[in-house]
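Build me a structure from this.
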Amino acid sequence: KTVSYAKNFVSQNENLIAKVSIPEISNLESDALSFPKRLPLKSYENSVHVIDILRYTLGNFEVIYKKNVVNEQNYLAIICIGVTETGNTIVIDSCYNAPDNFKIDYISKTKRLELKPIELAKLYDGMQIADPSEKLPIRMYSPIVIDTISEISEGNLKLGFLEQAHDFKKFCKGSISKAANINDAYEAVKLIEKFQV
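Next comes the predicted model:
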């Protein structure tokens, strides 16, 4: 639901900026032994879902800038800027092992749609300003939430798994699948490889 909501938001707004945070977990020691000075694709095993969502909501995009932060043995962070075929901008930061959550912000004018985590969507429009007070002597700026959508799991299953199972069952019976296909996986891997220097 949240991803469909984001796709609808994108279709109704132009000149979007998507800010993406991918705090992928990385075992620096094992990665350094297996993949010195190279980003292992296994380091993107969770964030490939975020790449799929970006491609689904915004379309294909080209990486036009990338900066890798590397120590002597391993990648510590990857910063990328991409541009979609429709002219929207995507800014990705992937700081490994950061105390953060997967997040996508779609920003257009005064509105911001936040998926954080992906299963929770909050639409903001405008800011509420609280002037300094004796109790809190600083001015506070709070985004105004105008809509919230969340996914609800069924039967203690991980979100999306039941829908994927139903979709796969239909596919096995000859129906067209709604899910990402092997070509989507290939395009996501190609993009991830472009993140590397």
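
In this structure, what residue spans correspond to strands?
Applying DSSP state E to the chain gives strands spanning 17-21, 61-70, 75-84, 89-95, 103-108, 111-115, 120-130, 140-150.

Now render those strands as a markdown table, adding mean neighbour count and mean pLDDT.
Every C-beta, even on glycine, is put in place using the N, C-alpha and C of the backbone. Formatted as a markdown table, the strands of the chain follow (neighbours: other CB atoms under 10 Å; pLDDT from 0 to 100):
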| stretch | mean neighbour count | mean pLDDT |
| --- | --- | --- |
| strand 17-21 | 19 | 96 |
| strand 61-70 | 14 | 89 |
| strand 75-84 | 19 | 88 |
| strand 89-95 | 20 | 92 |
| strand 103-108 | 20 | 97 |
| strand 111-115 | 21 | 97 |
| strand 120-130 | 14 | 95 |
| strand 140-150 | 12 | 95 |
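
Including distance to residue 187, could these go into a markdown table?
Output for the strands of the chain, formatted as a markdown table (distance: least, CB to CB, whole Å):
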| stretch | distance to residue 187 |
| --- | --- |
| strand 17-21 | 16 |
| strand 61-70 | 10 |
| strand 75-84 | 13 |
| strand 89-95 | 14 |
| strand 103-108 | 18 |
| strand 111-115 | 20 |
| strand 120-130 | 24 |
| strand 140-150 | 27 |
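
Quick check: nearest residue in space to residue 178, chain neighbours excluded?
residue 167 (5.5 Å; CB to CB, 6 or more residues apart in numbering).

Which residues are in contact with the one you found?
177-179 (CB atoms under 8 Å, 6 or more residues apart in numbering).

next one: residue 152
Contacts of residue 152 (CB under 8 Å, 6+ apart): none.
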